[in-house]
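Participant: quick one, structure for this:
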Amino acid sequence: MLLPEDLEQSISFCVMPWVHFHITQYGTVTPCCQAPWQEEQAFGNINKQSVTEIWNGEKMNAFRKGMLEGKADKRCEGCFIKEQEGFTSLRKITNAKYKHKTDLVFSTDKNGVIKNTKPVYFDIRFSNVCNLRCRICGPWSSSSWFNDAIKLGMISEDKSALTYSFENTDAFFLQFREMIASLEELYFAGGEPIVMDEHYRLLNMLIEAGRTDVRLTYNTNFSSFSYKNNNIVELWKKFKSISIAASLDAEDKRGEFLRKNLKWEDVIANRKLMQRELPHIEFVVSPTINIYNVLHLPDFHQDWVNQQLIRVEDFIPTLLIYPKDLSVRILPKGFKNKAIARYKEHIAWIQEQLSVHMEKRGHMLQQFENILKALSSTTENESIDLFLKNSAAMDKIRNEKTVEVFPELAELFVI
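Facilitator: This is a model prediction of the structure:
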């Protein structure tokens, strides 16, 4: 069994099952957003069991027990892979954030049972409702992807475009009301949370309960600050701690291409509005590095810093791992060398800039160094041909031309 002094050094321990409750858009409850969504690997289903039944259930208790015994669970391999490649994983981020909750770990009995506790950190994916059709996404996380997915043969026409986590939303909110008193954090992601009714219902419930001290964390496409009659800006003004990661993979026409339906002028307007009226919000750009944007990304970062839309450290890239046909690892060696040279120049530029938050700066630099490692790795067996084939298919159904938007990729398309 793990001892208190073992926690920080453990390569498998995660505090998530002692603090966190993740509900997928399918209603399954899983270890976290990076674990498999399937029913057979879940702790339970919110439409079949209550929060309390799952929290104290046999499967979640067994998961905790395995953690205490130092076992590496296969469902956690997403974090293990990132750590092996030098990236900061969700496991490490959560362990640091909830270090004050480790007393719960050592009050857990040998069977993984923790008594008289409730989750303090909820991640609820209410649905796959989304207003964008991002190239790196699919119908599982975006309702707007439905028609494209049919044209590409990914799904059949008899499927529904919408996936909802709750069969009875009112029943869940009755349960959630009982959790509010002990709540510390809510994480919103998508789909796109800003265009979900349930997101606003939850915020208003917290305001009515006087819990505007709950930390709100978002991953958002940053495309819109308005939805029906809801004023998200006025609601956010009521909360003390908000962190927003904007999923923006490129700027201007490239950004609109990668995140279809996005209007770049709206992104700029939203950022300036936030700077003006919501200065207390912690904001970062969180791009996903893939074949499309790998050469452009340094320009995007520098442009936003130069326009004073962000500080240099407020740009935290993440390397795409799946699908592999979009991974920079499959790029030809010559193209990789070009990207390596560009990223070395960019890292040198970063090091010349002044920063306010040195810890965040260090994290950002590490992410860029890890991109260099990925580009320096041996080209994987997967051929660039699959990227070209899939890109051409997407171009056709969307009436787009990749090389016109990303001329820097033209050499990849020369047959």
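
Participant: from the chain's centre, how far out does stretch 286-299 sit?
Facilitator: 16 Å (CA atoms, centre = their mean, to the nearest Å).

Participant: how long is it end to end?
Facilitator: End-to-end span of stretch 286-299 (CA to CA, to the nearest Å): 15 Å.

Participant: now do that stretch: everything it contacts.
Facilitator: Identification of contacts with stretch 286-299 by CB atoms under 8 Å, 6 or more residues apart in numbering yields 135-136, 219, 245-251, 254, 257-258, 300, 315-320, 326-328, 330-331, 338-339, 342-343, 345-346, 349, 371, 375, 387, 402, 406, 408-409, 412. C-beta coordinates here come from the backbone N, C-alpha and C atoms, glycine included.

Participant: ok, stretch 370-378 next?
Facilitator: 85-87, 289, 294, 317, 319, 328-329, 331, 336, 339-340, 343-344, 347.

Participant: show the buried residues in those residues.
Facilitator: Taking 16 or more other CB atoms under 10 Å as the criterion, what is buried in these is 87, 289, 294, 317, 319, 328-329, 331, 336, 339, 343.

Participant: now these in CSV, please, with extra columns for secondary structure and distance to residue 33.
Facilitator: Formatted as CSV, those follow (DSSP: H, G, I helix; E, B strand; the rest coil; distance: CB to CB, whole Å):
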residue, secondary structure, distance to residue 33
87, coil, 16
289, strand, 19
294, coil, 25
317, coil, 18
319, strand, 17
328, helix, 23
329, helix, 23
331, coil, 28
336, helix, 30
339, helix, 29
343, helix, 28
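
Participant: where is pLDDT lowest across these?
Facilitator: Within the set of those, pLDDT is lowest for residue 87 (78).

Participant: give the contact list for that residue.
Facilitator: Contacts of residue 87 were listed using CB under 8 Å, 6+ apart, and they are 318-319, 366-367, 370.

Participant: so of the residues you listed, which ones are in helices?
Facilitator: 366-367, 370 (DSSP state H).

Participant: just the strands in the stretch 151-300 of the chain please.
Facilitator: Along the stretch 151-300 of the chain, counting by DSSP state E, counting those that start in this stretch, strands occupy 185-188, 215-220, 226-227, 230-231, 242-246, 259-260, 282-285, 288-289.

Participant: can you redo the ones you listed as TSV with distance to residue 58?
Facilitator: Converted to TSV, the strands of the stretch 151-300 of the chain look like this (distance: least, CB to CB, whole Å):
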stretch	distance to residue 58
strand 185-188	26
strand 215-220	30
strand 226-227	39
strand 230-231	40
strand 242-246	34
strand 259-260	41
strand 282-285	38
strand 288-289	36
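
Participant: so for residue 171, which of the ones you listed sits nearest?
Facilitator: strand 185-188 (18.9 Å; CB to CB).

Participant: report the distance from that closest one to the chain centre.
Facilitator: Distance, centroid of strand 185-188 to centroid of chain: 12 Å (CA atoms, centre = their mean).

Participant: cool, and stretch 293-312?
Facilitator: 20 Å.

Participant: likewise for stretch 191-210?
Facilitator: For stretch 191-210, the distance to the chain centre is 19 Å (CA atoms, centre = their mean).
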